[in-house]
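Student: predicted model, plus sequence, below.
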There are 2 protein chains.
Amino acid sequence: MRPAVSDVENPLADCENTQALDRAEASCRARGASLTAIRREVLDLLYRSPTGVKAYDLLARIKEARPGASPPTVYRALDFLIDQGLAHKIGRMNLFVACRHASHQIPSLFLVCPKCSGVTELQEQSVMSALSTSLAAAGHRLESPEVEISAICPKCVGAG
Amino acid sequence: MRPAVSDVENPLADCENTQALDRAEASCRARGASLTAIRREVLDLLYRSPTGVKAYDLLARIKEARPGASPPTVYRALDFLIDQGLAHKIGRMNLFVACRHASHQIPSLFLVCPKCSGVTELQEQSVMSALSTSLAAAGHRLESPEVEISAICPKCVGAG
DNA sequence: GAATGCAATGTTATAACATTGCATTTGTAC
DNA sequence: GTACAAATGCAATGTTATAACATTGCATTC
Ligand SMILES: [Zn+2]
Ligand SMILES: [Zn+2]
Ligand SMILES: [Zn+2]
Ligand SMILES: [Zn+2]
């Protein structure tokens, strides 16, 4: 079972988050986009949920501060953050995660743990080059920087 | 855009499908499970949709023969087929595909084309060994035989 | 300073996807 | 044929995501 949202939260991370949010705001501005208040709040919630969070859980959290918030409020913010490379969607889990990487020169591997649903984003040159080679041989072209993989996470491997 | 269901259908494939269905039935029996009429019909529809099909499209097709069919009818059949290794779900697309492989000694790569939504199932020893190595180094263990990858398919690469 | 353009947001409704719970039927073992 | 488990029928509900349209706020133009 996934931990409840409140367990995931980490108030001590506020300072780091503020810095990360400021960096994100700057990078949006550099691209001519703006990290508005709503988008910043959603990104903040993503930062506080290291293993991913569901859209409607986000909505519930956003509603605490903005009672008028509705599904489009959070889906629009998520779409924006994904466009900007600040977040990712894990399709098989309907889960959204903040991106911890400065760029996606190398496409990322997303390891989704089937036991605890935790998500880890990994960049591995060796895997990606093997992948590019094989896909090219099959006539495909790797485009989106998103590869989802089911893999038991270290915590759950230990828990056997 | 995905082709309409009717375009995907191929009546000439009936004979091959019957053989494949019979093989599937035998393999279920060998495992002590039974490929009932409903399950067989769903698997048949999957065989006729090489690039995957949505659950509610399946439902609509099944209803032609069984007007009483409801969502659980098809989801239960799909769950069974997935358990038996006869089908896979592509999480990011909510798409179901028949498996064309006799076994999953090697985990499969599912290439999902972001342009046409087509799905190709591939088994590549070189990629999987690079992947296992990297994941093991990170403390993860590859378990589920399912890796989803966004990759432009040959047809769409050509269409540029 | 009114009119226009535009990005973001608000609001309502609905589409699309999936599961639960319980009653009934079917197949199989004894 | 009785008993039991597996499968199915069926209604309701839960979950995830988008469509469609209105409004706000701010910058530019006239
Ligand atoms: Zn990332
Ligand atoms: Zn885990
Ligand atoms: Zn397969
Ligand atoms: Zn394609």
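Tutor: Good, I have the coordinates. Ligands and ions are numbered 1, 2, ... in the order given.
Student: got the buried residues for stretch A:61-71?
Tutor: Across stretch A:61-71, burial judged by 16 or more other CB atoms under 10 Å in any protein chain shown covers A:61-62, A:69. Quick note: C-beta positions are derived from backbone N, CA and C, even for glycine.
Student: where exactly do the helices run in chain A?
Tutor: Here chain A has its helices, by DSSP state H, at A:5-8, A:14-30, A:37-47, A:55-65, A:71-83, A:125-137, A:154-159.
Student: deepest of the ones you listed, which one?
Tutor: Of all those, helix A:37-47 carries the top mean neighbour count, a mean of 21, counting by mean count of other CB atoms under 10 Å in any protein chain shown.
Student: packing partners of that helix?
Tutor: With contacts defined as 3 or more CB pairs under 8 Å, 6 or more residues apart in numbering or on different chains; DSSP states H and E, the packing partners of helix A:37-47 are helix A:14-30, helix A:55-65, helix A:71-83, strand A:95-98.
Student: distance to chain B and mean pLDDT added to those, as JSON lines?
Tutor: Formatted as JSON lines, these follow (distance: least, CB to the nearest CB, whole Å; pLDDT from 0 to 100):
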{"stretch": "helix A:14-30", "distance to chain B": "23", "mean pLDDT": "91"}
{"stretch": "helix A:55-65", "distance to chain B": "15", "mean pLDDT": "96"}
{"stretch": "helix A:71-83", "distance to chain B": "13", "mean pLDDT": "97"}
{"stretch": "strand A:95-98", "distance to chain B": "10", "mean pLDDT": "96"}
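Student: close to DNA strand C: what parts of chain A are there?
Tutor: Listed as neighbours of DNA strand C in chain A under the rule CB under 7 Å from any atom of the strand: A:33-34, A:36-39, A:66, A:68-73, A:76-77, A:80.
Student: count of residues packed around A:Ser117?
Tutor: 18 (other CB atoms under 10 Å in any protein chain shown).
Student: can you tell me how far it is from A:Arg92?
Tutor: Separation of A:Ser117 from A:Arg92 (CB to CB, to the nearest Å) stands at 10 Å.
Student: and A:Pro154, by the same measure?
Tutor: 20 Å.
Student: repeat for A:Pro72
Tutor: 23 Å.
Student: thinking again about what came up before, could you identify the most distant pair in the residues of chain A next to DNA strand C?
Tutor: Greatest spacing in the residues of chain A next to DNA strand C, by CB to CB: A:Ala33 and A:Gly68 (23.7 Å).
Student: pull the contacting residues for the closest residue to A:Ala98 other than its chain neighbours.
Tutor: Nearest residue to A:Ala98, sequence neighbours excluded (CB to CB, 6 or more residues apart in numbering or on different chains): A:Leu46, at 3.8 Å. Neighbour list for A:Leu46: A:53, A:58, A:81, A:87, A:96-98 [criterion: CB atoms under 8 Å, 6 or more residues apart in numbering or on different chains].
Student: which of those residues lies closest to ligand 2?
Tutor: A:Val97 (14.3 Å; CB to the ion).
Student: right, and the closest one touches A:Gly118 too?
Tutor: No: counting by CB atoms under 8 Å, A:Val97 does not reach A:Gly118; the two are 9.8 Å apart.
Student: mutual contacts of these two, please.
Tutor: Common neighbours of A:Val97 and A:Gly118 (CB under 8 Å, 6+ apart) are A:51-52.
Student: wait, doesn't A:Leu35 sit right on A:Leu43?
Tutor: Yes: in this structure, A:Leu35 is within contact of A:Leu43 by CB under 8 Å, at 7.2 Å.
Student: list residues touching both of those two?
Tutor: Applying CB under 8 Å, 6+ apart, one finds that A:Leu35 and A:Leu43 are jointly contacted by A:21, A:24.
Student: for stretch A:63-80, which outside residues touch it?
Tutor: Stretch A:63-80 is contacted from outside by A:33, A:38-39, A:41-43, A:55-56, A:58-59, A:62, A:87, A:89, A:96, using CB under 8 Å, 6+ apart.
Student: so which residue of chain A comes closest to ligand 1?
Tutor: For chain A, the residue closest to ligand 1 is A:Cys99, as judged by CB to the ion, at 3.1 Å.
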